[in-house]
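K.L.:
Need coordinates for the below:
(4 chains)
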Number of protein chains: 4
Amino acid sequence: MIKVGVIGATGYAGSELVRLLMSHPQVEIQGLTSQRYIGKNFYEVYANFRQIQDAVCKEEDIEAMADECDVVFMALPHGVAAKKVTKEILEKTKVIDFGADFRLKDPLVYEKWYGLEHGGPSLLTEAVYGLCEINREKIKKARLIANPGCYTTCSILSLLPLVAEGLVDKKTIIVDAKSGVSGAGRGLDTGTLFCECNESIKAYKIAAHRHTPEIEEQLSYAGQEDVVISFTPHLTPMNRGILATCYASLLPNVTRAQVEKAYQKWYGEEYFIRLFPEGVFPETRWVKGSNFVDIGFTIDERTNRIVVIGAIDNLVKGAAGQAVQNMNLLFGLEEQTGLCMPPIFPG
Amino acid sequence: MIKVGVIGATGYAGSELVRLLMSHPQVEIQGLTSQRYIGKNFYEVYANFRQIQDAVCKEEDIEAMADECDVVFMALPHGVAAKKVTKEILEKTKVIDFGADFRLKDPLVYEKWYGLEHGGPSLLTEAVYGLCEINREKIKKARLIANPGCYTTCSILSLLPLVAEGLVDKKTIIVDAKSGVSGAGRGLDTGTLFCECNESIKAYKIAAHRHTPEIEEQLSYAGQEDVVISFTPHLTPMNRGILATCYASLLPNVTRAQVEKAYQKWYGEEYFIRLFPEGVFPETRWVKGSNFVDIGFTIDERTNRIVVIGAIDNLVKGAAGQAVQNMNLLFGLEEQTGLCMPPIFPG
Amino acid sequence: MIKVGVIGATGYAGSELVRLLMSHPQVEIQGLTSQRYIGKNFYEVYANFRQIQDAVCKEEDIEAMADECDVVFMALPHGVAAKKVTKEILEKTKVIDFGADFRLKDPLVYEKWYGLEHGGPSLLTEAVYGLCEINREKIKKARLIANPGCYTTCSILSLLPLVAEGLVDKKTIIVDAKSGVSGAGRGLDTGTLFCECNESIKAYKIAAHRHTPEIEEQLSYAGQEDVVISFTPHLTPMNRGILATCYASLLPNVTRAQVEKAYQKWYGEEYFIRLFPEGVFPETRWVKGSNFVDIGFTIDERTNRIVVIGAIDNLVKGAAGQAVQNMNLLFGLEEQTGLCMPPIFPG
Amino acid sequence: MIKVGVIGATGYAGSELVRLLMSHPQVEIQGLTSQRYIGKNFYEVYANFRQIQDAVCKEEDIEAMADECDVVFMALPHGVAAKKVTKEILEKTKVIDFGADFRLKDPLVYEKWYGLEHGGPSLLTEAVYGLCEINREKIKKARLIANPGCYTTCSILSLLPLVAEGLVDKKTIIVDAKSGVSGAGRGLDTGTLFCECNESIKAYKIAAHRHTPEIEEQLSYAGQEDVVISFTPHLTPMNRGILATCYASLLPNVTRAQVEKAYQKWYGEEYFIRLFPEGVFPETRWVKGSNFVDIGFTIDERTNRIVVIGAIDNLVKGAAGQAVQNMNLLFGLEEQTGLCMPPIFPG
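P.N.:
Have a look, this model is predicted:
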């Protein structure tokens, strides 16, 4: 059994991780920590866990957890993990970080977009970007995994074959993304009150969202040149789900067959990626509660643009599910272990 | 492996059953039937099953299915199953019926509330009402299970210990129940269009809902005298969930301790029933996607009434989950096999 | 033109009041105050008012407002108004208070349910309970109006004819009420975050909600004896609306005709009360954005109970609309002035 | 008083029109027609109108209505109005058509996108595209108004100043639009059932939606050259609202000041268009129930793209409200007559 600890278990992503870990046949939860709910039973914070998970939420102590656990998941606000994770910790345990601190290789980019100095740049080289379908082999050997963001997972996977295979003009990429409200977390904010989100949709952080450089960095690796994109996130009145509507101009003479071949090449064998046939498109309801990434596309011959639609559950493939998938890779398990439940509908 | 067939797989309850059966370690799905989608792949009807369940929806043929399957689930409109299920069928397979046809022992009561003649009254004696926590031993030996209704499961389980232990005045029982819209099924009806349900709550079939006699019959068995109740269902703007707010006058001098003892006696060992402590109450969000029944109560000393709150997921414990629980009992499996996933939140 | 001031304009009820006042042909808004948004333009707090209402939110100064205004609306947390409103203020202006401070005649009852000492009991005798359809004549002559609560408006109006005409057993009254989330206000609370309310329904403050004594007091006046009820509020995943499902045992031999006559007698001439014919029932969607109270009932002959359904928009008839209606009465205007817009659907 | 008739009053747009007309001080409704509800009182179809509008829904008879009415509104499926409206009708009454039949000047374009032959091409020259802010003068003199589509109103108004003033590369325009479900109408369709839309977002008719040529035609007039765009509509889980997120590459050296000037030039005096200042963006909640068009933009210096956000209520400015605005123009009234209610929030 893999002994795991969860730091920051009482946010939405942390709680979803606990749910998934409890269905995982090879995991034993050693400890859960929380900032706001220290001393409470986990099921008092999330009553869905009544009679299922009664661990007491502890104060964070990464040193102790590193001693006890084979892997530590960290679901903390950005800026914190970079200070907590050290070489010493990594000699004792593996770390899968849900935050942004180890996702961008260049600390200056981090500082520009996050507005604070990076707290632990020395580990940036070692950290592996945990987008499983792309970095599988590196992940297997890693000690420190930067679990990708929710918007980024959906956006990168939707676009990567096009960029990697050189099918689109890389200067024309636009991602118009829509997220459920759980992506904003459980913190208190007027903007996420029920009456403020319900029955409305809005764009926010237009051309300024922090997932932008993360998408660009990964697409740049794939395309082997700097990719700069437009990214617009939207808050959508639903609990879960991300839909990424991606636009790019096809290079001259690129055909639908070539595009299909590119997606097949990259994802044809991927369990968690479901490629939709012509004329059928992903919707967030079809992935709810699951680790699937649904991808479909159409080519608009009038404009010679391709429109790619990607859909994930932001809390699963966009956070906790991908973290479990990363754990499975780290420990040599079948990648889908504990992640095989069909999506729930209507959910 | 248990070979199962699902008749009426493309309604919401049928589809949820397929989801649960696919996570069940001892089940092999032999066939799925549909009225509206014959010839389509199941995942074309419910795209959450893409790359998971690609069976072709067949036309209903209960004879053939009885030959091939150890158990046949029927999720059909009322009135149909009574005509299809025969002694010959039951000699070949077990049947778990989601509909109302075999729930009421008295065909005259059925005819009064459903407005049509009963199509197969000869099997009513044999049929077992599949409320697992109450009829477990009978279920184990049955061939024909009448899977309880969603409102009824929640209402009966919430009230039964009070009635069985003689703690309340049986003439004072009122159930004010609230259901998500999936309870109304996937049929086309102006009343279940998004814009008609969203942002509104309504009572319907007040004092006239067909689940009323079903609740009354079971409570009458428990209380050993005829129980007549008021039952008011409400349509609530959410996909899933039933909340039953139940009222009854306590008999003189009944204490909270006695009530707690009654619930402990009946449910203390039940895996799927979670009794809430004083001051904490069930909410539908805490059971979503799971087979749990959450129950809590308060005693209003000013009126000497007890208010019991019950919550279930209408598609799981209120339909497909309880059906799987019944199947587990029929085949001698652990009752919670395939039903152990924690509820999903936020879901 | 009536000069009005609004204290506490940036809560949901205050903001709705501003919306209604701006459509009122005889009103001139003199000032808006806020606790959290002092110095901001009102449209910066509620962007629906952009280019419509650009008043700057001021700090509360009831003295100054009393000098300038013919009427002051107060939408403040309970406990505050009782301290602010004085005889001196009432000599200068009329006050319509949205809070609970002046609703209950007995300060001891207030202290029991609200858990704090009443800050201004000397004005309780003078204050008039502003349930317009019931207290119209008193309201016309009042200086201080206690605008009723949302649940209470809906519950009292639904039940009053039955109690006043002696048609029901007053010991058997149960109100099972369902409210949209705006009733909980705009304050920061984990419980009103989108993901906590959406896709779930819950009962709360069971047998302990503060609107209980308010309903009881008014029904006791109507019934000329003490009425004690059971009241259970529920939080429903929608922005607006209250549905009250009310139960009571009919006295022997009471007929549907008698009940209809009672409702006609009390409400037959009321513009804002719409009595539904047999077999049709109120739903919250039909009153959204309006000051209507929809009422329908059925008699359950099996139990001899009557079930009355009432529906209002909690922010209009349950708060701001009724306040405007009170203002119209105070100033001798037609009661429906500024309140005649049809409900918005789908809304 | 203007005598008006409404053909197709029982769809969502028709019903919203009735709501607005009833608040209009200069209108008298002569008749309402319906296909599905002939002989019913209007309030039986839409109970929000109980005691407000009790007209009986009649069978459509445009000849008779033309005799009685000063203006006839038609809210019919496409293809029908083109056959019904004739020169003879237009000699007797003015017509404001909600459908698409008279929006596109070229019947071949109509036939291509709508897949049917145009039923009355001879009136296409005369028909005026009723986008009030753009075609005001023509509208005033028209007899036949093609009321614009919902997506199109929002998209065209959001982009027009950029195109008209030559600030963007017209080949780079992308509109990613999100609509509430009421835009799909009240017809029976599995896709608009509550459980199918709720908790999910999807793109549909990608690169193939019929509003595309309408947007292109109007932008082409403004830009004085053929404009071809990418348009992707999305179904969003809310009743009302359209948000258009529009992308275009700025031409070299275009500054924010120039863009602001263009919007001011076109819309600075427009009552119904609210231009948002830098850093604040439209959200659909701020326009609900109103005729406003909210527009804001940002310039992404990294990509030199402008992102314009437009928001409307699809049933008001996107249908019934604009129709009333057109009527006001036709009859020489103040343009905002009957349309001045502030948006409703939370709505």
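
K.L.:
And the helices in chain A, which stretches?
P.N.:
Using DSSP state H, the helices assigned to chain A run over residues A:12-22, A:42-45, A:62-68, A:81-84, A:87-92, A:107-114, A:132-140, A:150-164, A:194-197, A:211-223, A:256-267, A:321-330.

K.L.:
now the strands for the stretch 201-347 of chain A?
P.N.:
Remark: strands assigned in the stretch 201-347 of chain A by DSSP state E, counting those that start in this stretch are A:202-203, A:230-235, A:242-249, A:273-275, A:293-300, A:305-312.

K.L.:
of the ones you listed, which approaches chain B most closely?
P.N.:
Chain B lies closest, by Cβ to the nearest Cβ, to one member of those: strand A:273-275, at 5.1 Å. Glycine gets a C-beta too; all of them are placed from N, C-alpha and C.

K.L.:
near chain D, which residues of the stretch 101-250 of chain A?
P.N.:
Contact residues (Cβ under 8 Å from any Cβ of the partner chain) of the stretch 101-250 of chain A with chain D: A:171-172, A:174, A:176, A:178, A:180, A:195-196, A:198-204, A:206-207, A:228-230, A:232, A:234, A:236-241, A:243, A:245, A:247.

K.L.:
at 7 Å what do you get?
P.N.:
A:174, A:176, A:178, A:195, A:199-203, A:206-207, A:228, A:230, A:232, A:236-239, A:241, A:243, A:245, A:247 (Cβ under 7 Å from any Cβ of the partner chain).

K.L.:
near chain B too, which of those?
P.N.:
Applying Cβ under 7 Å from any Cβ to these, those adjacent to chain B are A:199, A:239.

K.L.:
Now the residue nearest the centre of chain A. Nearest residue, chain neighbours left out?
P.N.:
Centroid check for chain A by Cα atoms, centre = their mean gives residue A:318 as the closest residue, at 3.0 Å. Among residues not flanking residue A:318 along the chain, residue A:150 sits closest, at 3.0 Å (Cβ to Cβ, 6 or more residues apart in numbering or on different chains).

K.L.:
pLDDT score assigned to the one you found?
P.N.:
Note on residue A:150: pLDDT of 98.

K.L.:
And it, how close does it get to chain B?
P.N.:
14 Å (Cβ to the nearest Cβ, to the nearest Å).

K.L.:
Run a quick neighbour tally on that residue.
P.N.:
29 (other Cβ atoms under 10 Å in any protein chain shown).

K.L.:
What is the burial count for residue A:137?
P.N.:
Residue A:137 has 10 nearby residues by other Cβ under 10 Å.

K.L.:
next one: residue A:125
P.N.:
Residue A:125 has 7 nearby residues by other Cβ under 10 Å.

K.L.:
Disregarding flanking residues, what is the spatial nearest neighbour of it?
P.N.:
residue A:105 (7.7 Å).

K.L.:
swap in residue A:190?
P.N.:
In space, residue A:190 is closest to residue A:196, 6.2 Å off (Cβ to Cβ, 6+ apart).

K.L.:
picking up where we left off before, between the strands of the stretch 201-347 of chain A, which one is closest to residue D:326.
P.N.:
strand A:202-203 (28.8 Å; Cβ to Cβ).

K.L.:
residues making contact with that closest one?
P.N.:
Strand A:202-203 has contacts (Cβ atoms under 7 Å, 6 or more residues apart in numbering or on different chains) with A:232, A:234, A:235, D:245, D:281, D:283, D:309.

K.L.:
hang on, isn't the residue nearest to residue A:318 packed against residue A:185?
P.N.:
No - with contacts counted by Cβ atoms under 7 Å, residue A:150 stays clear of residue A:185, the gap being 11.1 Å.

K.L.:
who touches both of those two?
P.N.:
Common neighbours of residue A:150 and residue A:185 (Cβ under 7 Å, 6+ apart) do not exist.

K.L.:
sorry, back to before: with mean pLDDT as extra columns, can I get the strands of the stretch 201-347 of chain A in JSON lines?
P.N.:
JSON lines is the format used below for these (pLDDT from 0 to 100):
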{"stretch": "strand A:202-203", "mean pLDDT": "98"}
{"stretch": "strand A:230-235", "mean pLDDT": "98"}
{"stretch": "strand A:242-249", "mean pLDDT": "98"}
{"stretch": "strand A:273-275", "mean pLDDT": "98"}
{"stretch": "strand A:293-300", "mean pLDDT": "98"}
{"stretch": "strand A:305-312", "mean pLDDT": "98"}
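
K.L.:
Turn those into a markdown table, including distance to residue D:138.
P.N.:
Formatted as a markdown table, the strands of the stretch 201-347 of chain A follow (distance: least, Cβ to Cβ, whole Å):
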| stretch | distance to residue D:138 |
| --- | --- |
| strand A:202-203 | 33 |
| strand A:230-235 | 35 |
| strand A:242-249 | 34 |
| strand A:273-275 | 49 |
| strand A:293-300 | 32 |
| strand A:305-312 | 33 |
